[in-house]
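Participant: Provide a 3D model corresponding to the input given below.
(chains A and B)
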2 protein chains.
Amino acid sequence: MAKVHNYSAGPCILPQEVFEEASKAVLNFNNSGLSLLEMSHRSKDFVDVMEEARSLVKEILEVPEGYTVLFLQGGASLGFLKAAYNMMRTHKKGGYLNTGVWAKKALKEANFMGEAVTVASSEDKNFNYIPKGYSIPSDLDYLHYTSNNTIYGTQFKSIPETDLPLICDMSSDIFSKKVDISKFDLIYAGAQKNLGPAGATLYIVKDEILGKSSVKIPTMLDLKTHADKDSMFNTPPVFSTYVSMLTLRWLKKNGGIQWIEARNEAKAALLYAEIDANPLFKGAAAVEDRSNMNVTFVLTDESRTEEFTKKLNDANISGLKGHRSVGGFRASMYNALPLESVQVLVDVMKTM
Amino acid sequence: MAKVHNYSAGPCILPQEVFEEASKAVLNFNNSGLSLLEMSHRSKDFVDVMEEARSLVKEILEVPEGYTVLFLQGGASLGFLKAAYNMMRTHKKGGYLNTGVWAKKALKEANFMGEAVTVASSEDKNFNYIPKGYSIPSDLDYLHYTSNNTIYGTQFKSIPETDLPLICDMSSDIFSKKVDISKFDLIYAGAQKNLGPAGATLYIVKDEILGKSSVKIPTMLDLKTHADKDSMFNTPPVFSTYVSMLTLRWLKKNGGIQWIEARNEAKAALLYAEIDANPLFKGAAAVEDRSNMNVTFVLTDESRTEEFTKKLNDANISGLKGHRSVGGFRASMYNALPLESVQVLVDVMKTM
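Facilitator: Sure, this is the predicted structure:
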């Protein structure tokens, strides 16, 4: 079977060797004679998986002392709510940088137990840039932002400067580049981009924020509940956590963040160069805010869409259709997408 | 490798053919050249999986018209909160039958947005029986119960009689026997017993309860959010939903609820008969409330524990240790555990 170049926006491509290992574990895990799927989450085999996954996150991202790593359920969508619940303080107000649909959904949840304040927004231009030069009110309990905006193809190139506690939804670019974790009070990320399959959500929590909320939090939404039980308060997403651990092993073995950041930059440079050089293509995001994860572009001559789409199909390139709110095309180039797949895409573009 | 007789309390044994099929899908799903783990949840391949899983639930459980089936994240632990949020009405009071740790955790969450009322409890005897003959106050918005209590080995043999809207946490006995779904307003169940691996939670919701809560509900906890989007409001637990679908196919193919109920009764009858006949063993739960899913028992002569444990190990029987709050032993005999595994256990008991 011909190789598929998988540009899916998430769930997305993961390393082939991870699929092979995971496939075996579904039949016989650790030579136990049992499938990973039928083992107790309290068994030593799985407790070891959870501990290795948590510890690989710390090692690969150079998480400083004083942070706890958790693998929970619910996706970033539940993270929006957890973030606000856990970070509300005396003002009962959270500040948000509104850079797209996901940022807006996060913002909405803060209004449930407090007040969401839009500190800056790029909605005026359909979120095709990252806001800059805004001022941040001081009567806020935290500042929340979305580091990479999959739909629009924008990405923060630096961490926002603020004295406020900082929360980041890093669902779509965590593990793609070096980040100074010490700047953050809370990071969360759905696994299904650079980390693993759908079903697990990663939290990196500064210990000192736990138990400090000014509002009452339901048990499962309180990050302290999960931190106190080493991410095993209730049955965790066993398989998704395991596959995340395998992906982290792959990342570490190949050279960690330094290696993947260089590879991601090379992939992005290759594709953006073609977009800028070829008159048929036009990037959808502001040049200085272009994402290395999701490259959005349109055809300058829409009548050639069918021809381009056919050539993509012929080259076994899948998942390139743009999100309906931007249109055009979107090449999601998560960690596991090889440079060769980008070369195949660029070669197709060169024929247009 | 010798066959393991897997009595794990959950996550637990699933059919071997399900593991084989799932293992293949991790490498190449539907002959697409892609792993199921790297496919978009919006792809036709996965949308078909979600729809088949939801429709098999309806078919196998004979769910009447007017109910919606959802596969969500968070486990029953998040279900405790969702149940209370979605079912609070004018009284802002929920009634609970307290039959153990899980029932108590469900009860606790109702106090977050309303008031939890303990209608009846078996805590006086460490939950070794199911309360009966209680009266139910009329100023309640609903009655909540836990149909099977894994830790104590008790199970409701009939649905509680009440005019109140009825909620049930069926995590540990759903799909094990025929149930009249029309009696319920809301059923929820963590997948990781009779349905599939950890990571998915099944909801069966009467449509008329949606959007009727007397309290404001955060987006992700509102069942209407998920019902309106056919269980795809956010990225669902893809792999766990898929494996649940495979398990439901297995159940249907073999004869559905009628077949599995007879098989489960045969397994329970075989084991309880040995417990009652052998003076070394004593059942932990009240006889009339004995669970067909989790059989709890103790040794009448504790000094022979080591000998029994060794014989269990020699026979490749795993997962029989009782929960710390009851002690002794617990044989969890979920749907996929074959009668032969119970025979092996009984044969070991007969040598004692």
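Participant: from the stretch 251-352 of chain A, which residue is nearest to chain B?
Facilitator: A:Gly319 (6.7 Å; Cβ to the nearest Cβ). For glycine as for every other residue, the C-beta is placed from the backbone atoms N, C-alpha and C.
Participant: am I right that that residue is in contact with A:Tyr7?
Facilitator: Yes - in this structure, A:Gly319 is within contact of A:Tyr7 by Cβ atoms under 8 Å, at 4.1 Å.
Participant: of those two, which one has the most company?
Facilitator: Shown here are A:Gly319 and A:Tyr7; by other Cβ atoms under 10 Å in any protein chain shown, A:Tyr7 has more neighbours (25 against 22).
Participant: so how far is A:Lys267 from that one?
Facilitator: Distance from A:Tyr7 to A:Lys267, counting by Cβ to Cβ, to the nearest Å: 11 Å.
Participant: between those two, which contacts overlap?
Facilitator: A:Met333, A:Leu337 (Cβ atoms under 8 Å, 6 or more residues apart in numbering or on different chains).
Participant: just to revisit the earlier point, give me the common contacts of A:Gly319 and A:Tyr7.
Facilitator: Counting by Cβ under 8 Å, 6+ apart, the shared contacts of A:Gly319 and A:Tyr7 are A:Ser332.
Participant: are the helix or strand harbouring A:Ser77 and chain B in contact anywhere?
Facilitator: Element membership of A:Ser77, judged by DSSP states H and E, is helix A:75-87. Yes - using Cβ under 8 Å from any Cβ of the partner chain, helix A:75-87 reaches chain B at A:Gly75, A:Ala76, A:Ser77, A:Leu78, A:Phe80, A:Leu81.
Participant: look up how far B:Lys177 lies from the closest residue to the fourth one other than its chain neighbours.
Facilitator: Put plainly, it is A:Leu78. Nearest-residue entry for A:Leu78: B:Met220, 4.9 Å, with adjacent residues in sequence omitted and distances by Cβ to Cβ, 6 or more residues apart in numbering or on different chains. Using Cβ to Cβ, we find B:Met220 at a distance of 32 Å from B:Lys177.
Participant: do A:Val238 as well
Facilitator: Counting by Cβ to Cβ, the gap between A:Val238 and B:Lys177 amounts to 26 Å.
Participant: may I ask which helix or strand encompasses A:Thr247?
Facilitator: Counting by DSSP H and E, A:Thr247 is part of helix A:238-254.
Participant: can you pull the contacts of A:Ile136?
Facilitator: Applying Cβ under 8 Å, 6+ apart to A:Ile136 gives the contacts A:Gly95, A:Val119, A:Leu143, A:Thr162, A:Leu164.
Participant: can you give me phi and psi for A:Lys206?
Facilitator: For A:Lys206, the backbone dihedrals (degrees, to the nearest 10) come out as phi -70, psi 120.
Participant: gap between the two ends of stretch A:152-171?
Facilitator: 15 Å (Cα to Cα, to the nearest Å).
Participant: and that stretch, what's its mean pLDDT?
Facilitator: The pLDDT scores in stretch A:152-171 average 98.
Participant: again, but for stretch A:122-137
Facilitator: Averaged across stretch A:122-137, pLDDT comes to 98.
Participant: again with stretch A:275-294
Facilitator: Mean per-residue pLDDT for stretch A:275-294: 98.
Participant: and if you look at stretch A:310-324?
Facilitator: Mean per-residue pLDDT for stretch A:310-324: 95.
Participant: endpoint to endpoint, that stretch covers what distance?
Facilitator: From its first residue to its last, stretch A:310-324 covers 19 Å (Cα to Cα).
Participant: cool, stretch A:59-75 as well?
Facilitator: This stretch, stretch A:59-75, spans 23 Å end to end (Cα to Cα).
Participant: can I get stretch A:312-320 in CSV, CA atoms only?
Facilitator: Below are the C-alpha coordinates for stretch A:312-320, written out as CSV (Å, rounded to 0.1, in the frame of the first residue of the first chain):
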residue,chain,number,x,y,z
LEU,A,312,-3.0,16.1,-4.1
ASN,A,313,-5.0,13.0,-4.2
ASP,A,314,-2.8,11.4,-6.9
ALA,A,315,0.2,12.1,-4.6
ASN,A,316,-1.5,10.4,-1.7
ILE,A,317,-1.6,13.6,0.3
SER,A,318,-4.6,13.6,2.7
GLY,A,319,-6.1,16.1,5.1
LEU,A,320,-5.2,19.3,3.3
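Participant: contacting residues for the residue of the stretch 251-352 of chain A closest to chain B?
Facilitator: A:Gly319 neighbours (Cβ under 8 Å, 6+ apart): A:Asn6, A:Tyr7, A:Ser8, A:Ala9, A:Cys12, A:Ser332, B:Ser40.
Participant: reformat these as CSV; add distance to B:Lys183.
Facilitator: Formatted as CSV, the contacts of A:Gly319 follow (distance: Cβ to Cβ, whole Å):
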residue, distance to B:Lys183
A:Asn6, 46
A:Tyr7, 48
A:Ser8, 42
A:Ala9, 42
A:Cys12, 43
A:Ser332, 46
B:Ser40, 38
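Participant: name the nearest of these relative to A:Gly255.
Facilitator: Nearest to A:Gly255 among the contacts of A:Gly319 is A:Cys12, at 20.8 Å by Cβ to Cβ.
Participant: burial count for the closest one?
Facilitator: Residues within reach of A:Cys12, counting by other Cβ under 10 Å, total 26.
Participant: ok, the one 5 residues further on next?
Facilitator: Using other Cβ under 10 Å, A:Glu17 has 14 other residues around it.
Participant: isn't it right up against A:Trp250?
Facilitator: Yes - A:Glu17 lies in contact with A:Trp250 (Cβ under 8 Å); the separation is 6.4 Å.
Participant: just for chain A, where's the confidence low?
Facilitator: Counting by pLDDT under 70, chain A has low-confidence residues at A:1.
Participant: higher neighbour count, A:Val238 and B:Lys177?
Facilitator: Neighbours per residue (other Cβ under 10 Å) separate A:Val238 from B:Lys177, with A:Val238 holding more: 25 against 19.
Participant: hmm, back to that, which of the residues of helix A:75-87 next to chain B lies closest to chain B?
Facilitator: Closest to chain B, out of all of the residues of helix A:75-87 next to chain B and judged by Cβ to the nearest Cβ, is A:Ser77, at 4.0 Å.
Participant: residue contacts, the closest one?
Facilitator: Contacts of A:Ser77 by Cβ under 8 Å, 6+ apart are A:Lys105, B:Thr219, B:Met220, B:Phe233, B:Asn234.
Participant: in helices, which of the residues you listed appear?
Facilitator: If you go by DSSP state H, the contacts of A:Ser77 have A:Lys105 in helices.
Participant: need the contacts of A:Ser77 in CSV with neighbour count and distance to A:Leu56, can you?
Facilitator: CSV is the format used below for the contacts of A:Ser77 (neighbours: other Cβ atoms under 10 Å in any protein chain shown; distance: Cβ to Cβ, whole Å):
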residue, neighbour count, distance to A:Leu56
A:Lys105, 18, 29
B:Thr219, 18, 32
B:Met220, 25, 28
B:Phe233, 19, 30
B:Asn234, 22, 26
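Participant: between the contacts of A:Ser77, which sits nearest A:Tyr242?
Facilitator: Checking the contacts of A:Ser77 against A:Tyr242 by Cβ to Cβ gives B:Asn234 as the nearest, at 21.7 Å.
Participant: which residue comes closest to that closest one once chain neighbours are left out?
Facilitator: Nearest one to B:Asn234, counting by Cβ to Cβ, 6+ apart, is A:Ser77 at 4.0 Å.
Participant: relative to B:Leu70, how far out is the one you found?
Facilitator: Applying Cβ to Cβ, the value for A:Ser77 to B:Leu70 is 14 Å.
Participant: quick one, strands of chain A?
Facilitator: A:5-6, A:67-72, A:93-98, A:115-121, A:142-146, A:148-149, A:154-155, A:166-169, A:186-190, A:201-206, A:281-283, A:294-299, A:317-318, A:329-332 (DSSP state E).
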